[in-house]
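Novice: Next come a sequence and a model predicted from it.
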Number of protein chains: 4
Amino acid sequence: MKLSYPATAEDYRARARARLPRFLFDYLDGGATDEQTLRANETEWDGIKLRQRVLIDVDQVDTTSTLAGETCDMPVVLAPLGLAGMMARRGEVQAARSAEAAGIPFTLSTVGICPVEEVQTSVSRAAWFQLYMIRDRARIEALLDKAWAAGCRTLVFTVDLPQPGMRHRDFRNGLSSSGARAKALKAVQLLSRPGWLWDVAVRGGPLNFGNLSDVVPNAGDLDAFKSWIDAQFDPTVTWADIEWLRRHWKGTLLLKGILDGEDARQAVSVGADGIIVSNHGGRQLDGVASGASKLPEIVAAVGSETELLVDGGIRSGVDIFRALALGARGVMIGRPWAWALAGGGEAGLNNLLASLQQELRLAMTLTGVTRIADIGTDQLDRNSNPEPGKLGEQQ
Amino acid sequence: MKLSYPATAEDYRARARARLPRFLFDYLDGGATDEQTLRANETEWDGIKLRQRVLIDVDQVDTTSTLAGETCDMPVVLAPLGLAGMMARRGEVQAARSAEAAGIPFTLSTVGICPVEEVQTSVSRAAWFQLYMIRDRARIEALLDKAWAAGCRTLVFTVDLPQPGMRHRDFRNGLSSSGARAKALKAVQLLSRPGWLWDVAVRGGPLNFGNLSDVVPNAGDLDAFKSWIDAQFDPTVTWADIEWLRRHWKGTLLLKGILDGEDARQAVSVGADGIIVSNHGGRQLDGVASGASKLPEIVAAVGSETELLVDGGIRSGVDIFRALALGARGVMIGRPWAWALAGGGEAGLNNLLASLQQELRLAMTLTGVTRIADIGTDQLDRNSNPEPGKLGEQQ
Amino acid sequence: MKLSYPATAEDYRARARARLPRFLFDYLDGGATDEQTLRANETEWDGIKLRQRVLIDVDQVDTTSTLAGETCDMPVVLAPLGLAGMMARRGEVQAARSAEAAGIPFTLSTVGICPVEEVQTSVSRAAWFQLYMIRDRARIEALLDKAWAAGCRTLVFTVDLPQPGMRHRDFRNGLSSSGARAKALKAVQLLSRPGWLWDVAVRGGPLNFGNLSDVVPNAGDLDAFKSWIDAQFDPTVTWADIEWLRRHWKGTLLLKGILDGEDARQAVSVGADGIIVSNHGGRQLDGVASGASKLPEIVAAVGSETELLVDGGIRSGVDIFRALALGARGVMIGRPWAWALAGGGEAGLNNLLASLQQELRLAMTLTGVTRIADIGTDQLDRNSNPEPGKLGEQQ
Amino acid sequence: MKLSYPATAEDYRARARARLPRFLFDYLDGGATDEQTLRANETEWDGIKLRQRVLIDVDQVDTTSTLAGETCDMPVVLAPLGLAGMMARRGEVQAARSAEAAGIPFTLSTVGICPVEEVQTSVSRAAWFQLYMIRDRARIEALLDKAWAAGCRTLVFTVDLPQPGMRHRDFRNGLSSSGARAKALKAVQLLSRPGWLWDVAVRGGPLNFGNLSDVVPNAGDLDAFKSWIDAQFDPTVTWADIEWLRRHWKGTLLLKGILDGEDARQAVSVGADGIIVSNHGGRQLDGVASGASKLPEIVAAVGSETELLVDGGIRSGVDIFRALALGARGVMIGRPWAWALAGGGEAGLNNLLASLQQELRLAMTLTGVTRIADIGTDQLDRNSNPEPGKLGEQQ
Ligand SMILES: Cc1cc2nc3c(=O)[nH]c(=O)nc-3n(C[C@H](O)[C@H](O)[C@H](O)COP(=O)(O)O)c2cc1C
Ligand SMILES: Cc1cc2nc3c(=O)[nH]c(=O)nc-3n(C[C@H](O)[C@H](O)[C@H](O)COP(=O)(O)O)c2cc1C
Ligand SMILES: Cc1cc2nc3c(=O)[nH]c(=O)nc-3n(C[C@H](O)[C@H](O)[C@H](O)COP(=O)(O)O)c2cc1C
Ligand SMILES: Cc1cc2nc3c(=O)[nH]c(=O)nc-3n(C[C@H](O)[C@H](O)[C@H](O)COP(=O)(O)O)c2cc1C
């Protein structure tokens, strides 16, 4: 393994697999049902062909951009990942530091390990705060106040998880089962990763849900967590509740988990400041289309009226460029940052982010664009025909 | 193997393979000729993309439905499988109990191991009864009387098997050969599965065709069975015979094995109460299209006039949802129930059925539909384009 | 291996690989350049979807047919294969006997091992005779006279081999090289197959080109053979020469190796009695389309004026049915018969032919057609859509 | 390995992999980012289907052609490959000799190992000279003078590398890293290839950049090389600079790395004598289309006004033919020549070139074309339909 340097998100994934207990790696890596949407997320960016342009002065290529009113060194945000703090010691703190170093926002999940205060005292850049709606509205208000007090100004409200998806890998690993056998199974997996045990579990505690620690006592106990979600996540939330939220949050409000043109229009009309086109990384409804394939529909519907981010399967600087060329203002990356953190620590994540930026810059260089704002459909290749049998026809 | 819990139909398949003698697993698993249609059945549901919808109140999602006039906890029926009783001890009885627990119908095959009376005395829910037409009509009448007397009210008349298909796996395993070598081959396979031998063959007898035990003496002797089928199955049956059947069966009459719009119209006009769109699980004519790809044509032809079920390759709750969205009223599942039974016993099948229902409920939750009757084309995503090269075009 | 019975062409291929020296298996198995056309031949029949039809009286299904004026038990011909006599002892004799037993024609190659007289004295059914044009026309005339005298009445004139194709497998095996190293390489391969050596090489001689034995002395010496072909095969042959041939052959004249509509029309206009649509089993120009994909164009061009056969990648009775449904009158099979002969002897070939007929009969049964002449486009499924993403659109 | 003869580019690739230190093989073999464009280059020629034509007099097939005013035995040029001299001892000299023997041009890279004078003193045929624009224009002028003095008359100006692409394999191998670990890693790889070490590194020196030896001291030190490129390659070059170049080079000027119709038109209007349609072998911007799929657009744009070559993924004589049929006048091959040289020495390259010519001749023979100039769209098969599901539709 160590006979080579990790270069890509996939390389870090391989290292993460080697370091994490299986049930944790699978929790991070997996998707819903047959993981078709997960695979589509990862492969369908490939279909977006770019134009190679030459002999344009590209000495001054600039990846700087503005997302949700905030200047970013590149139009990339670390997506909220529940339990991320179990992938590396105080994982969200490391990620927030790495994001700050790279000049981009970090998003803290409602169900992260490190509480928002812990994260914010270790960086000066304000994190984005992600919210799941739970039945107890008073608790929501308290949570929002805490995030605001800690300095968060951008709220990411996730709308695609009225209930957790059907993640068979977790079931196979006994995460949904209690009893002796499931416990034994997890113990075997843990013992085969002594490095992680010592570094993260023993020395990196407490491993509970920082933002909810008064409600859900112990994140290590994933079953209790699951029951809590089943009981507390609120499937009665409707568009009307967004107005309530709008009133309670003075900062920027982004809706995460919109995948349909109709919903996108609705989001704009209820006053969201932006939308994150997402299928939750293929973890919710298997069988929905990839972000790559839905983005054009949503750009057509509301692209001129609101700020669009997209996530799901973004794995390289070229993918970032593709999303921008299709009309997104920026992207979120989810698993890759956790893979890099788990597989290479904070330095690993720093390297990955630097590599993504370098690759984005290169894509701009080779398509002849020097500013992020200039990336658009003119950089898409509409004359290439990937269907081999029709190649001869174009002439 | 036992280091994980089985979660999906495929997981149970792996366990069934490990438990069953090879020729039996292959008999269950295989299809005709090159198994192209079998593979198409299993993969083409994937192409039906769904719409992820958000912020709809989905607190009360209800999977209850009516099939053939019968209330079901979900719109799923266990398909008739010949010889199923060899996959587990008194297999059809276990399956009927499991179906009853899940609140769905079980269909007993003409060539099942357990006789209809044995099945019906162990459950209170009436099984559906599947019929193959055999040359001796008096025997048919007797069979129908027996089924009726046992309490069956829904007759599934299978029309796609005038002769058994070309299943090369069976031939390779010597099922179609007699003589010492074929016997030795089977013996070797049996001896490598002592668990099955003891549980099913020794303690689970008699292993003959319960409903036909006076005609075909011993199900273990698959060759005799095959000769009997070749001689007795009636390839002269035509639409005219359906009228005869119609007269002899007072209950609900479903035709199973319709795959063509023209035949579907004919089925309606001869008075069938419903149709099961099916290619017999890819076991008859290899090279015909999958149920997934034929369903729209048949819905267009007769969807408004009759009740449509579909089978072939349904493996998850998402697949069930897809079939309903395309216009089916319900689905049958074949191999999955036998895999679960063979691989995990009655408890395994209970788990699988619970998982399918949970997944169906989740698909409803995430598409924003609360009642089965509301699932329809509005849940199909017509704006996603799986051809990567054309992604850029939509904008 | 012997723990199962061989059922399909592919099963016999595996056995042939185990029995034949590698260079011989590769010679039989391989194609030109990257073998793209070879693969297309084998896979593109799969795309032709059939209609499953039910409740038609199919008690009397008849596979009998007429090819080139000759009654056949099924519309299948054994294709000419050069060197086939090296695959099994006196291979062409065994194949001719097997064909006679199956009630179908056998075609003897110009460059077969057994001379036409040897073949014809062992069967009573007249073989078809395949001709390559060689520079020396007097020799051609002598060859035609010999074939006629032996009883052949159908001449298959092959037009797609003005020069042998670029078969890299043969080159890799040293077939195109002389010298000690190439000899050693072949010797190693031969010694690893002592069964073949004893049965075919030692006891099955002489291994020379029966029909050309006065010109090319030793078929074992493939290099000498190759030089002879390079020197003697006549690349100057044009349509005008077909008239010469027409005059010298009183029997039926079929042109083999037509793959283009324009050439097909020309073939009809110069007076050929029939055409065999073929790309020489993917052994000549890699990059041309499969027979399956070219057949419709040629049917449209000359289908009503001449008799069309097709070959290339026919591997099952379903494939035979597909070719007929597209408009062919019959098919040739090449590699499969040699695989069966090499892997299972004459009995193996008998089995394979019986299986093909049984599968063709079954395809007729399940599409509701009772006579070969009734197979046509009405059996093609034009309403199925294999592109998953478009499934929802049909409704 | 040596149990067979190498026949194809791929065969030589396997041998090169066995002989070269891994970082060198990966440098040669790899592409940018996810290597999607590299794979597209290699697979998309396959989609171009050819017409098999018969009974045309093909006794006199001639592969001779004119490229950039120069007679060639076949329309193929060895592409410029930086560092090629590290693949075999004095690699560019061997390649130039082999090209001369095959009657085709060899292109020397700016960053080749052997200086242009060394190459030109060992052959009598003038090499083509490839230029990268570097910031110091005086050095460029000196370089051009040196090339002209050595006899070069065709200048290949490469426009698709304002900066080197993101080649993760090089990063993984530590080529972009300095320090002890990276050195150790390379040392391990070198020591596992003693044959290469002795032959190329020890006896084949000096291993520096012949044409730039006064600037970049040691090619073995790839890091220094990379820094030099980053600093010296000039990303400010625009179309205006082509005019400057046009004035300084009296010979033929070809622009290499055009992949877009708009750029092609611009190239013609600034006075280039020809264009090489190229994506730099998939080593620059991953996500651009293959040469095969872009060629038709560029032929349509400027095919009648300028001379077009294409490269990227040409691996066989059939691929060469396809490029010509789509409208190119000739092709460049890159990796294949270095694979053959590394894996089989000068004799290996001679064999590969002879094989390509033979295969091209055969493609002409089997499509019925006798002169290169006659190859065109009439040899493309527009009636074949590779989409299996639509096969039946054509009739
Ligand atoms: C392990 C894991 C946990 C996640 N937890 C959350 C979460 O707590 N809140 C949320 O809005 N999204 C969550 N997501 C979804 C991500 O924010 C993001 O949408 C998705 O990971 C993007 O796809 P990618 O992983 O392919 O980049 C999670 C995703 C993963 C993989
Ligand atoms: C082993 C086996 C036996 C079957 N026996 C019967 C049968 O006796 N009667 C019948 O109508 N269908 C029979 N079928 C077809 C099934 O009822 C059903 O149509 C098919 O299995 C559905 O496809 P699936 O297995 O992919 O779910 C059988 C299928 C299998 C796999
Ligand atoms: C080993 C071999 C030898 C062949 N020799 C001849 C031959 O001598 N004459 C001829 O017309 N065709 C010859 N062919 C082509 C076959 O007649 C036939 O067109 C082809 O094999 C059909 O494709 P299939 O092998 O996929 O069935 C040969 C094919 C093979 C595989
Ligand atoms: C190892 C390597 C080095 C290359 N160096 C150069 C170079 O110095 N200058 C240049 O114009 N192109 C260079 N190229 C690109 C080639 O000239 C050519 O465009 C490409 O290799 C064609 O694709 P192919 O390798 O698939 O045939 C290089 C390519 C490779 C693989």
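Specialist: All right, it came through fine. Ligands and ions are numbered 1, 2, ... in the order given.

Novice: Show the pLDDT at the residue nearest to A:R167 when sequence neighbours are not counted.
Specialist: Distance criterion Cβ to Cβ, 6 or more residues apart in numbering or on different chains; nearest residue to A:R167, sequence neighbours excluded, is A:G30 at 5.4 Å. No exception for glycine: its C-beta is placed from N, CA and C like everyone else's. A:G30 is assigned 97 on the pLDDT scale.

Novice: show me the contacts for A:G30.
Specialist: By Cβ atoms under 8 Å, 6 or more residues apart in numbering or on different chains, the contact list for A:G30 reads A:L38, A:R167, A:H168, A:R169, A:D170, A:R283.

Novice: tell me the two of the residues you listed that are most distant?
Specialist: Among the contacts of A:G30, the pair separated by the greatest distance (Cβ to Cβ) is A:L38 and A:D170, at 13.8 Å.

Novice: Quick one: neighbours of A:V54, just the number.
Specialist: The local packing of A:V54 (other Cβ atoms under 10 Å in any protein chain shown) involves 25 other residues.

Novice: Just confirm it contacts D:A264, I think it does.
Specialist: No. Applying Cβ atoms under 8 Å as the test, A:V54 and D:A264 come out as separate, 10.2 Å apart.

Novice: Check the spacing between A:P6 and A:R315 real quick.
Specialist: A:P6 sits 13 Å away from A:R315, going by Cβ to Cβ, to the nearest Å.

Novice: what about those two, which has more around it?
Specialist: Taking neighbours as other Cβ under 10 Å, A:P6 and A:R315 compare with A:P6 leading, 24 against 21.

Novice: State whether the more buried one is indeed within a helix.
Specialist: No. Assignment of A:P6 by DSSP: H, G, I helix; E, B strand; the rest coil gives coil, placing it outside any helix.

Novice: nearest residue to it other than its sequence neighbours?
Specialist: Leaving aside its chain neighbours, A:P6 sits nearest to A:Y12 (5.3 Å; criterion: Cβ to Cβ, 6+ apart).

Novice: Alongside ligand 1, which residues does the stretch 201-350 of chain A contribute?
Specialist: Within the stretch 201-350 of chain A, the positions near ligand 1 by Cβ under 6 Å from any ligand atom are A:256, A:278, A:280-281, A:283, A:311-314, A:332-335.

Novice: Can you give me the distance of the residue of the stretch 151-300 of chain A found nearest ligand 2 to chain B?
Specialist: Residue nearest to ligand 2 within the stretch 151-300 of chain A: A:G287 (17.9 Å; Cβ to the nearest ligand atom). Relative to chain B, A:G287 is positioned 5 Å away (Cβ to the nearest Cβ, to the nearest Å).

Novice: Sketch out the low-pLDDT regions of chain A for me.
Specialist: Scanning chain A for pLDDT under 70 picks out A:1-2, A:178, A:217-222, A:385-395.

Novice: Can you verify my assumption that the residue nearest to A:P6 contacts A:P336?
Specialist: Yes. A:Y12 lies in contact with A:P336 (Cβ under 8 Å); the separation is 7.1 Å.

Novice: Between those two, which contacts overlap?
Specialist: Between them, A:Y12 and A:P336 share these contacting residues under Cβ under 8 Å, 6+ apart: A:L352.

Novice: does chain B sit close to stretch A:320-327?
Specialist: Yes. Stretch A:320-327 is in contact with chain B by Cβ under 8 Å from any Cβ of the partner chain, via A:A325, A:L326, A:G327.

Novice: Leaving out sequence neighbours, find the closest residue to the first one.
Specialist: Read it as A:A325. Nearest to A:A325 is A:Q379, by Cβ to Cβ, 6+ apart, at 4.6 Å.

Novice: and after the helix or strand A:A325 falls within, which helix or strand comes next?
Specialist: For A:A325, the enclosing helix or strand under DSSP states H and E is helix A:317-326. Next along the chain after helix A:317-326, taking DSSP H and E as the criterion, comes strand A:330-333.

Novice: Quick one: check that following strand for contact with chain D.
Specialist: No. Applying Cβ under 8 Å from any Cβ, one finds strand A:330-333 out of contact with chain D, separated by at least 15.1 Å.

Novice: Show me what that strand is in contact with.
Specialist: Applying Cβ under 8 Å, 6+ apart, the contact partners of strand A:330-333 are A:65, A:67, A:72, A:75-79, A:107, A:276, A:278, A:309-311, A:314-315, A:319-320, A:323-324, A:356.

Novice: rerun that using 7 Å as the cut-off
Specialist: Residues outside strand A:330-333 that contact it (Cβ atoms under 7 Å, 6 or more residues apart in numbering or on different chains) are A:65, A:67, A:75-79, A:276, A:309-311, A:314, A:320, A:323.

Novice: can you give me the helices in the stretch 201-350 of chain A?
Specialist: A:222-232, A:239-248, A:261-269, A:291-302, A:317-326, A:335-367 (DSSP state H, counting those that start in this stretch).

Novice: now the fourth one and helix A:317-326, what's the angle there?
Specialist: This means helix A:291-302. Helix A:291-302 and helix A:317-326 meet at an angle of 20 degrees, taking axes from the mean of the first three to the mean of the last three Cα atoms, to 10 degrees as the criterion.

Novice: what do you get for the third one?
Specialist: An angle of 80 degrees separates the directions of helix A:261-269 and helix A:317-326 when computed by the same axes, to 10 degrees.

Novice: cool, and the second one?
Specialist: Direction vectors for helix A:239-248 and helix A:317-326, defined by the same axes, to 10 degrees, enclose an angle of 100 degrees.

Novice: to the chain's geometric centre, what's the distance from helix A:239-248?
Specialist: Computed by Cα atoms, centre = their mean, to the nearest Å, the separation of helix A:239-248 from the middle of its chain amounts to 24 Å.
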